[in-house]
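A.B. asks: Coordinates for the following, if possible.
(chains A and B)
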Amino acid sequence: MTLTPVTPTIRSRPVYAPLGARPGRMHLIVADGEGAEAVTDMLARTEDAGNLLADAHIMYCPGPTGSDQTAVLQAIGAAQFFRAPSIPAMLPRLARVLSAAHMGTQFYLAGSEGLIGQAERDIMNTGFPFEAIQKEHRGSTLRRVQCVHCKGITENVATDPFRCSHCGLNLFVRDHYSRRMAAFQGVNIDAEDPGDVPAAVVRFK
Amino acid sequence: MSLDFKPGAFNDFFRDETFRDDFTYRNSPEGIRRFPFPFDRDDYMYSVNMEPHVPGRKGSVFEHEFDVDEHYVAEMIDRAKVLADDPLRCQSLPHMTLAGWDLLELIMESKARDYPHWFGLEKTGNRWRWINRPLGIDHSFTFLDDSTLPFGPFEYITRQTQGDFTLQDERDGTLWMDAGIATSQADWSVDFDVGMNFHEWHAPVPLAHEKGVFDRALKFLLKLQHGAPVRRFNWTMTVNPLLDTAPETYPKWGPTKTSITPENMGRKQHLRVELQTLYRLPRSNAIAFDIRCYLGKFDEIVTQPKWARRLHRVVRDLPDELATYKGFIRNRPAMVEWLSKYDDGAPTSVGWWPED
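C.D. replies: Residues are numbered from 1 along each chain as shown, chains lettered A, B, ... in the order given. So this is what the prediction gives:
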């Protein structure tokens, strides 16, 4: 498996590129699910992977469809390795690590868009420059979607339209994406004709 | 400390009207004649269409830097209601406070200069006294000291100024919308879009990216100089004189699009015009973007024969993508049918003024 392709669409929709090792004082690697393979692929392309790993902190959790490659990442010899059961369980640790991270830290995010987006949001909130963050989307295309009406976020959206898990409105999924929210936008599909909801189609897996 | 309005002054000019519930908003005959009809020819396509924001014809919406019209007090009351219902409609990221002060200064100085009978600004060093007679406000505060205002400077001044506003920070060769207030927006979410860069927040607009409109507009805006503001028009259609067509409340107002009939078209269907002005701010180097909304019902627009002919032709010939994006594809056939009765096919003169 390689980088999950993105069909070209509107300009706010994130695009991704394969991770590449860069010089840095610290290497913070945050991944979920199949993102583990993006990390191992990057290391396989890196001549002095040992040096990178000596200054690397890896945080990992299973992906939204259950893919769990903990054993692989745990065994590659990073200075620190942490496995969380889920993204929400990982974020407090990320925030703590960011509070002590210095400029010159390199960030490598890999896996689902939900994981990449939330980690990127927290890193940018800490003031790190955009250029220090690399992102490679692997595996699941399930989406994290904010309901523009009630503001609740529904994780792992598979179908379009879908029901908001907070307010229950039927939402269609836009490609419009907010890095600040780390979410795509969901908009009521039957606002003008209440009850006229097209059949849900699986668009994200 | 609060920002309670005590309106009532000059109520022979400022209309007591609503933009919700019973929708009593309308333009006076003078208001119709000064309506900023946005089409200078019989067809429409996206373009950057910027021009210097310099004083225009006396009595027109271009006469002053910030147009204060007969709807001012009612619009500010409506804005306060929207913000009470949903405070997320006004957001300013922490680094934008200085730009907020820049905007406050620009608006206070402009209004006190252009409308001295309504607004007053007295300065003793950084001690400022702001008088807003239409809203019954008389505040003294310390310029650049946030603790002396009841809101942040951006929210304080935009609660007293018609038009939605965004503030753009400039970095990395683009503009970042890092503050915004929207209570009269054409279906975009401040809450979702704050923090986006120029190409990101315009991402949903169809056709224009491919034409290079946003690349050119950004290039143009990055060269914007302090003291040389620019303006352009945008437009859409709205059922009822509803200022607050927010995506947040779309389930509430969306169904009204199905209420249009040939009989009520003239009074319910409104041409919604945005007069957009852009200002480079002096201390922050940010760019303030003012999106001022004017609503005119079809009955009012067609009182000007040139506008009646032209609106018919523009609506009839607009590409489907644009009618869809602007949210009126559903009612377009009925609009064209209704407007066609006011178009005798006669040629129209170039330019938007009704009598030229």
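A.B. asks: Backbone dihedrals for residue B:129, please?
C.D. replies: With angles defined as degrees, to the nearest 10, residue B:129 sits at phi -120, psi 120.
A.B. asks: no wait, residue B:51
C.D. replies: phi -140, psi 160.
A.B. asks: ranges for the strands of chain B?
C.D. replies: Taking DSSP state E, the strands of chain B run over residues B:51-52, B:90-92, B:119-124, B:127-132, B:137-142, B:164-171, B:174-181, B:230-239, B:269-280, B:287-297.
A.B. asks: could I get these as CSV with distance to residue B:199 and mean neighbour count?
C.D. replies: In this view, the C-beta of every residue, glycine as well, is placed from N, C-alpha and C. Formatted as CSV, those follow (distance: least, C-beta to C-beta, whole Å; neighbours: other C-beta atoms under 10 Å in any protein chain shown):
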stretch, distance to residue B:199, mean neighbour count
strand B:51-52, 23, 10
strand B:90-92, 20, 23
strand B:119-124, 37, 15
strand B:127-132, 37, 18
strand B:137-142, 37, 15
strand B:164-171, 13, 23
strand B:174-181, 7, 24
strand B:230-239, 17, 19
strand B:269-280, 17, 22
strand B:287-297, 15, 23
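A.B. asks: Let's have those in a markdown table, adding mean pLDDT.
C.D. replies: Converted to a markdown table, the strands of chain B look like this (pLDDT from 0 to 100):
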| stretch | mean pLDDT |
| --- | --- |
| strand B:51-52 | 94 |
| strand B:90-92 | 96 |
| strand B:119-124 | 98 |
| strand B:127-132 | 98 |
| strand B:137-142 | 97 |
| strand B:164-171 | 97 |
| strand B:174-181 | 96 |
| strand B:230-239 | 94 |
| strand B:269-280 | 97 |
| strand B:287-297 | 97 |
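A.B. asks: Rebuild those strands as a markdown table, extending it with distance to residue B:308.
C.D. replies: Compiled in a markdown table, the strands of chain B are given as follows (distance: least, C-beta to C-beta, whole Å):
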| stretch | distance to residue B:308 |
| --- | --- |
| strand B:51-52 | 25 |
| strand B:90-92 | 38 |
| strand B:119-124 | 36 |
| strand B:127-132 | 37 |
| strand B:137-142 | 40 |
| strand B:164-171 | 29 |
| strand B:174-181 | 34 |
| strand B:230-239 | 16 |
| strand B:269-280 | 11 |
| strand B:287-297 | 12 |
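A.B. asks: Work out the gap between stretch B:56-64 and the centre of the chain.
C.D. replies: Mean-position distance between stretch B:56-64 and its chain equals 16 Å (C-alpha atoms, centre = their mean, to the nearest Å).
A.B. asks: what does stretch A:76-85 give?
C.D. replies: With C-alpha atoms, centre = their mean, you get 18 Å for stretch A:76-85.
A.B. asks: Output it as CSV - backbone C-alpha positions only.
C.D. replies: Taking C-alpha atoms only, stretch A:76-85 is exported to CSV below (Å, rounded to 0.1, in the frame of the first residue of the first chain):
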residue,chain,number,x,y,z
ILE,A,76,12.2,-0.2,14.9
GLY,A,77,14.2,1.3,17.7
ALA,A,78,12.9,4.8,18.3
ALA,A,79,14.2,6.6,21.4
GLN,A,80,10.6,6.8,22.6
PHE,A,81,7.6,4.8,21.5
PHE,A,82,4.0,5.2,22.8
ARG,A,83,0.9,3.3,21.8
ALA,A,84,-2.5,4.8,22.5
PRO,A,85,-5.8,3.0,22.1
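A.B. asks: who's in contact with residue B:187?
C.D. replies: Going by C-beta atoms under 8 Å, 6 or more residues apart in numbering or on different chains, residue B:187 touches B:236, B:245, B:246, B:247, B:250, B:327.
A.B. asks: Around chain A, which positions in the stretch 1-150 of chain B sit nearby?
C.D. replies: Neighbours of chain A within the stretch 1-150 of chain B, by C-beta under 8 Å from any C-beta of the partner chain: residue B:88.
A.B. asks: remind me which residues of chain A are low pLDDT?
C.D. replies: Counting by pLDDT under 70, the ranges of chain A that qualify are A:1, A:8.
A.B. asks: care to break it down by domain?
C.D. replies: The domain map for chain A lists A:26-137, A:143-202, with the assignment taken from automatic domain parsing.
A.B. asks: End to end on the longest one, go ahead and measure it.
C.D. replies: Same thing as domain A:26-137. 22 Å (C-alpha to C-alpha, to the nearest Å).
A.B. asks: Next, see if it gets close to chain B.
C.D. replies: Yes - for domain A:26-137 and chain B, the contact criterion (C-beta under 8 Å from any C-beta) is met by residue A:130.
A.B. asks: Pull the distance from that domain to the chain's centre.
C.D. replies: 10 Å.
A.B. asks: try stretch B:88-107
C.D. replies: Distance, centroid of stretch B:88-107 to centroid of chain: 17 Å (C-alpha atoms, centre = their mean).
A.B. asks: Heading C-terminal from the longest strand anywhere in chain A, find the next helix or strand.
C.D. replies: Longest among the strand segments of chain A by residue count, using DSSP E, is strand A:170-178. Proceeding N to C from strand A:170-178, the next assigned helix or strand is strand A:183-188, under DSSP states H and E.
A.B. asks: Identify the residues contacting that following strand?
C.D. replies: A:117, A:143-149, A:153-154, A:157, A:162, A:164, A:169-178, B:189, B:192, B:247, B:250-251, B:254.
A.B. asks: what do you get if the cut-off is 6 Å, keeping everything else the same?
C.D. replies: A:143-148, A:153, A:169, A:171-174, A:176-177, B:192, B:250-251 (C-beta atoms under 6 Å, 6 or more residues apart in numbering or on different chains).
A.B. asks: just to revisit the earlier point, packing partners of the longest strand of chain A?
C.D. replies: Secondary-structure packing of strand A:170-178 (3 or more C-beta pairs under 6 Å, 6 or more residues apart in numbering or on different chains; DSSP states H and E): strand A:183-188.
A.B. asks: relative to strand A:170-178, how tilted is the strand it packs on?
C.D. replies: 150 degrees (axes from the mean of the first three to the mean of the last three C-alpha atoms, to 10 degrees).
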